[in-house]
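Engineer: what follows is a protein structure lacking sequence information:
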């Protein structure tokens, strides 16, 4: 888990990104959600030794990032931050799988390295897809899309609540942590004992806040649903976007694009 | 530890989505029937709380490292299993979307490992069993620590099983288990101690919160058992489908390719006779010396084809083709990205 400052920054920053105006942002969140899910399934459905077939899939993040005005550097940095788990599990492949697979002159590459690179590519593709989804559709948009796609309403509403309180609670936690740091010398008071009551206090405040908010909401006519001004409507562009990408994914899932181009080139020259 | 998309096969990920989705639907229905909407905001706040609490790091005595709270068990204790499960699922959803902890396809697995197991396996069968009818401080602390350890052990086992079933990682089941379980024993102990600390603080400061939860559980006791009756078969169905799917996925295409190789002498399945693929392949057949796949030689051991004789040139040639094609595709994409970006900016200015 990232440090609190950067976490706060991340959520805030992704949230800001999602309120930009761009052709991608204007699309219906449902279309983006479905395309992202198809994308992820297509990417992970490849054989474990696939590399070249995966490369074609980079078209999707490239188009989304450039048309959606997303900062590439930031996305790459996030990718590096969460990489350790995939690397940690994947790094065993080169050790365990030593069957030589590719020979390039004097260089022999084992199957393990090939599948390790494949894991890294998958990781990069799926993680950026999720980040792009949230940075182009906003969390509220995704929740709305989920609800329309028949995810139980109480779950979707509850997700919205979580998101709304998150900023408040993170700010509060930051204050708690700053107070703890200011009072601790030589690392004293940073152990489990203090944390128990620290989190306990946070919990009590949270519960009180929850009650207060709920009463306030009842006074304003809360009936178990959150009504937003935003109306979701699938337009022609949304359908073109959705079916265009899905078609593209199906085609490059079944035909190895880089291999074809490469064969063509080596054939020509 | 969160499961990641990169290690997952669609069959396993999809099956776990079915389980998580079924669990969410069931619990949401239950919440709606039981106490209307009053607890939805509370669940939202508490889920946000778990998030915030995870940011409070603390040093673990004896080691230099630091830990943080997982939260599933704490939510189950305060909210009861159904609402706790929903809250935990929403925490994991936000983590998947904003922090790329796990991923979208792996979300089902994570909800199962970190939400379903603490709320519906450990909470009713271990936590409540130890606490029994007459709760005391001591019993509660033991119950929480034991439950946290067991929950994380089962959760880690879940990660291992899902990874091995997916077959993307080469790690065999045994060594993966040996790798994961001891780490999670330590994590579980820490999580248990922190959760126990928080709960005992709450019991001292405002016992009504936990007491209310206990009373509610008594009322629901009979109903949760019905819940288990529904959820366990669902789980069984998912496990079976995943098993069948992954068996097909792992053995069938390879076998198919192998037999195609036997029949035609080429591993490649010909593209349908139409459009650009066909003409490209025609061109390729005419001009290229090396109409073969470079990378996807999964069963090199089974198929003794291109290795001997002129085989080495074949291998070199195809991998060159693959590399060249791949490099070109990447280059084109970078270019495309720049062009789109520039175009967009010139339009907005």
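Structural biologist: Thanks, I have the structure now. Bear in mind the structure is a predicted one, so any value in this text is a computation, not a measurement. Numbering: from 1, shown residues only, chains lettered A, B, ... in the order given.
Engineer: secondary structure element holding the residue nearest to residue B:333 when sequence neighbours are not counted?
Structural biologist: Counting by CB to CB, 6 or more residues apart in numbering or on different chains, residue B:333 lies nearest to residue A:62, which is 4.6 Å off, once chain neighbours are set aside. For the C-beta atoms, the positions are set from N, CA and C on the backbone; glycine is no exception. Residue A:62 is part of helix A:59-67, with elements assigned from DSSP states H and E.
Engineer: tell me the buried residues in that helix?
Structural biologist: The neighbour-count check on helix A:59-67 (16 or more other CB atoms under 10 Å in any protein chain shown) flags A:59-67 as buried.
Engineer: closest to residue B:102 out of those?
Structural biologist: Distance ranking of the buried residues of helix A:59-67 against residue B:102, using CB to CB, places residue A:61 first at 18.2 Å.
Engineer: grab the nearest non-local neighbour of the residue of the stretch 151-300 of chain B found nearest chain A.
Structural biologist: The stretch 151-300 of chain B approaches chain A most closely through residue B:197 (2.2 Å), counting by CB to the nearest CB. In space, and not counting its chain neighbours, residue B:197 is closest to residue A:196: 2.2 Å by CB to CB, 6+ apart.
Engineer: what pLDDT does residue 174 get?
Structural biologist: I'll assume chain A. Note on residue A:174: pLDDT of 85.
Engineer: let's do chain B instead
Structural biologist: Looking at residue B:174, its pLDDT is 83.
Engineer: gap between the helix holding residue A:62 and the chain center?
Structural biologist: Averaging C-alpha positions (CA atoms, centre = their mean, to the nearest Å) puts helix A:59-67 15 Å from its chain's average.
Engineer: the residue of the stretch 151-300 of chain B closest to chain A should be in a helix, yeah?
Structural biologist: Yes - counting by DSSP: H, G, I helix; E, B strand; the rest coil, residue B:197 falls inside a helix.
Engineer: so it touches residue A:198, yeah?
Structural biologist: No - taking contacts as CB atoms under 8 Å, residue B:197 lies outside contact range of residue A:198: 9.2 Å.
Engineer: count of neighbours near residue A:27?
Structural biologist: As a burial measure, residue A:27 scores 22 neighbours (other CB atoms under 10 Å in any protein chain shown).
Engineer: got the phi/psi numbers for residue A:21?
Structural biologist: Backbone dihedrals for residue A:21, given as degrees, to the nearest 10, come out at phi -110, psi 120.
Engineer: from chain B, how far off is it?
Structural biologist: As judged by CB to the nearest CB, to the nearest Å, residue A:21 and chain B stand 9 Å apart.
Engineer: per-residue pLDDT, that residue?
Structural biologist: Residue A:21 carries a pLDDT value of 87.
Engineer: try the one 5 residues further on
Structural biologist: Confidence at residue A:26, expressed as pLDDT, is 88.
Engineer: what does residue B:112 give?
Structural biologist: 90.
Engineer: same thing with the one 5 residues further on?
Structural biologist: What the model reports as pLDDT for residue B:117 is 88.
Engineer: tell me the contacts of it?
Structural biologist: Neighbouring residues of residue B:117 by CB atoms under 8 Å, 6 or more residues apart in numbering or on different chains: B:72, B:151, B:154-155, B:158.
Engineer: so it sits in a helix?
Structural biologist: Yes - counting by three-state DSSP, residue B:117 is found in a helix.
Engineer: which residues does residue B:52 contact?
Structural biologist: Residue B:52 makes contacts with A:166, A:169-170, A:172-173, A:202, as judged by CB under 8 Å, 6+ apart.
Engineer: in CSV, list those residues along with neighbour count, distance to chain B and secondary structure.
Structural biologist: Below are these laid out as CSV (neighbours: other CB atoms under 10 Å in any protein chain shown; distance: CB to the nearest CB, whole Å; DSSP: H, G, I helix; E, B strand; the rest coil):
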residue, neighbour count, distance to chain B, secondary structure
A:166, 25, 5, helix
A:169, 24, 4, helix
A:170, 20, 6, helix
A:172, 18, 7, helix
A:173, 23, 4, helix
A:202, 19, 6, helix
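Engineer: just the contacts of residue B:117: which are in helices?
Structural biologist: Judged by DSSP state H, helices contain the following of the contacts of residue B:117: B:72, B:151, B:154-155, B:158.
Engineer: make CSV out of the residues you listed and add pLDDT, neighbour count and distance to residue B:145.
Structural biologist: Shown next, in CSV, are these (pLDDT from 0 to 100; neighbours: other CB atoms under 10 Å in any protein chain shown; distance: CB to CB, whole Å):
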residue, pLDDT, neighbour count, distance to residue B:145
B:72, 85, 33, 15
B:151, 88, 28, 11
B:154, 89, 17, 15
B:155, 87, 28, 16
B:158, 87, 20, 20
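Engineer: and residue A:49, how many neighbours?
Structural biologist: Per other CB under 10 Å, the neighbour tally for residue A:49 reads 20.
Engineer: secondary structure element for it?
Structural biologist: Following DSSP H and E, there is no helix or strand that holds residue A:49.
Engineer: so where do the helices sit in chain A?
Structural biologist: In chain A, the segments counted as helices under DSSP H are A:4-17, A:23-26, A:29-44, A:52-55, A:59-67, A:72-82, A:84-90, A:92-96, A:111-137, A:139-148, A:153-183, A:192-219, A:236-254, A:257-268.
Engineer: what are the phi and psi values for residue B:8?
Structural biologist: Dihedral angles (degrees, to the nearest 10) for residue B:8: phi -110, psi 150.
Engineer: can you give me the neighbour number for it?
Structural biologist: Using other CB under 10 Å, residue B:8 has 30 neighbouring residues.
Engineer: any regions of chain A where pLDDT drops low?
Structural biologist: A:1-8, A:104, A:224, A:226, A:228-230, A:268-269 (pLDDT under 70).
Engineer: 90 instead, please
Structural biologist: A:1-27, A:29, A:41-59, A:66-124, A:126-128, A:130-131, A:134-135, A:137-218, A:220-237, A:250-269 (pLDDT under 90).
Engineer: give me the distance between the spatially most central residue of it and residue A:111.
Structural biologist: Central residue check for chain A by CA atoms, centre = their mean: the C-alpha nearest the mean position is that of residue A:130, 2.9 Å away. Per CB to CB, to the nearest Å, residue A:130 is found 29 Å from residue A:111.
Engineer: do the same with residue A:189
Structural biologist: From residue A:189 to residue A:111 the distance is 51 Å (CB to CB).
Engineer: the two: who's more crowded?
Structural biologist: Comparing residue A:189 with residue A:111 by other CB under 10 Å, the one with more neighbours is residue A:111, at 24 against 16.
Engineer: quick one: that one and residue A:119, what's the gap?
Structural biologist: As for residue A:111, its distance to residue A:119 is 12 Å (criterion: CB to CB).
Engineer: do the same with residue B:149
Structural biologist: As for residue B:149, its distance to residue A:119 is 30 Å (criterion: CB to CB).
Engineer: could you count how many residues lie near residue A:53?
Structural biologist: Residue A:53 has 26 neighbouring residues, counting by other CB under 10 Å.
Engineer: verify the stated contact: it with residue A:252.
Structural biologist: Yes - between residue A:53 and residue A:252 there is a contact under CB under 8 Å: 7.3 Å.
Engineer: would you map out the domains in chain B?
Structural biologist: Following automatic domain parsing, one gets these domains for chain B: B:5-252, B:290-348.
Engineer: and those domains, which one averages the lowest pLDDT?
Structural biologist: In terms of mean pLDDT, the lowest-scoring of these is domain B:290-348 (a mean of 56).
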